[in-house]
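Chemist: Give me coordinates for this.
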Amino acid sequence: MGDSGGVTSAVPHPRTDAEPTRAAARRGRRSLAVALLLGSAGAAVALLATRQGWTEGAVAVPGGDFPLTAKGSDVTGVPAALAIVGLAALVAVFAVRGAGRLLVAGLLALCGAGTVAAAVIGATDGGVLDDKAAEVSGDTAATVHALSHTAWPYAAAVGGALILLAGLLALRYGSGWPGMSARYERDGAPRRRRSRPVDPDRPEDLWKALDRGEDPTTGGA
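Modeler: Predicted coordinates:
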């Protein structure tokens, strides 16, 4: 008689165990791309906003009113400085690992929060224009009138918020992000590649050895 129906053993799907790892890798790549985009865009927006006019007004001088404008960098230098530090921290995230990466990610988040706070505080600051009014008029008691504020401080705050989000992503997912290339030693020199044996009877081996910068007549570099 032929074989009767036996007990079939369940064969695990070879890809089942790898799926969680692949899903985690995909999440890591997505979070990395988003953090880089948010951080770099936020720093660019904050730096651009600080170079624009934040407050406008006029001071009375002989002959009429003299218009005055104060750029964001005149009002406060904090947002631009923190944006630059945040951009450096975003790059430094890939140069460190472990606890060091968490510290740099925290610094990145703090730079974003500080940029937001400084921009919001500076949005209603008219002290810089008062100082300019006193300088232009020659009267230390002179103040500006028709004072108005632009939307650029809030644009800087948006840039800071983007930096903050990048820092939060780095804190949450940064442990799974890749670091600097492992092909470099601690001293920064590239690791020496092992020479492969060259078969002189195989032309393809000779060409590969020459392409690696080895001397095929000596069997290696």
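Chemist: Name the residues that touch stretch 147-159?
Modeler: 41-50, 52-57, 72, 75, 79, 83, 115-116, 119-120, 122-124, 126, 129 (Cβ atoms under 8 Å, 6 or more residues apart in numbering). C-beta: built from backbone N, CA, C; applies to glycine.
Chemist: Mind pulling the model confidence for residue 37?
Modeler: Note for residue 37: predicted pLDDT of 95.
Chemist: again with residue 40
Modeler: For residue 40, pLDDT reads 96.
Chemist: One more: residue 73?
Modeler: 93.
Chemist: Ok, the one 10 residues further on next?
Modeler: Confidence per residue is given as pLDDT, and for residue 83 that number is 96.
Chemist: Ok, residue 23 next?
Modeler: Value listed for residue 23 in the pLDDT field: 69.
Chemist: for residue 132, same thing?
Modeler: For residue 132, the model assigns a pLDDT of 87.
Chemist: How many residues are close by it?
Modeler: 20 (other Cβ atoms under 10 Å).
Chemist: Convert the C-alpha atoms of stretch 159-176 to CSV, please.
Modeler: The C-alpha coordinates for stretch 159-176 follow below in CSV (Å, rounded to 0.1, in the frame of the first residue of the first chain):
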residue,chain,number,x,y,z
GLY,A,159,11.4,77.4,12.2
GLY,A,160,12.1,76.8,15.8
ALA,A,161,9.1,74.5,16.1
LEU,A,162,10.5,72.4,13.2
ILE,A,163,13.9,72.1,14.9
LEU,A,164,12.1,71.1,18.1
LEU,A,165,10.2,68.3,16.2
ALA,A,166,13.5,67.1,14.7
GLY,A,167,14.9,66.9,18.2
LEU,A,168,11.9,64.9,19.5
LEU,A,169,12.2,62.5,16.6
ALA,A,170,15.9,62.0,17.3
LEU,A,171,15.1,61.3,21.0
ARG,A,172,12.4,58.8,20.1
TYR,A,173,14.0,57.0,17.1
GLY,A,174,17.7,58.1,17.1
SER,A,175,18.9,55.0,18.8
GLY,A,176,18.1,53.0,15.6
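Chemist: Isn't residue 141 up against residue 130?
Modeler: No. Residue 141 is not in contact with residue 130 according to Cβ atoms under 8 Å; the separation is 9.8 Å.
Chemist: Which one's more surrounded, these two?
Modeler: residue 130 (19 against 8).
Chemist: Buried ones in the helix or strand that contains that one, by neighbour count?
Modeler: With secondary structure defined by DSSP states H and E, residue 130 is part of helix 127-137. Under the neighbour-count criterion of 16 or more other Cβ atoms under 10 Å, helix 127-137 has 128-134, 136-137 buried.
Chemist: so what secondary structure elements neighbour it?
Modeler: Helix 127-137 is packed against strand 53-61, strand 64-71, with contacts defined by 3 or more Cβ pairs under 8 Å, 6 or more residues apart in numbering; DSSP states H and E.
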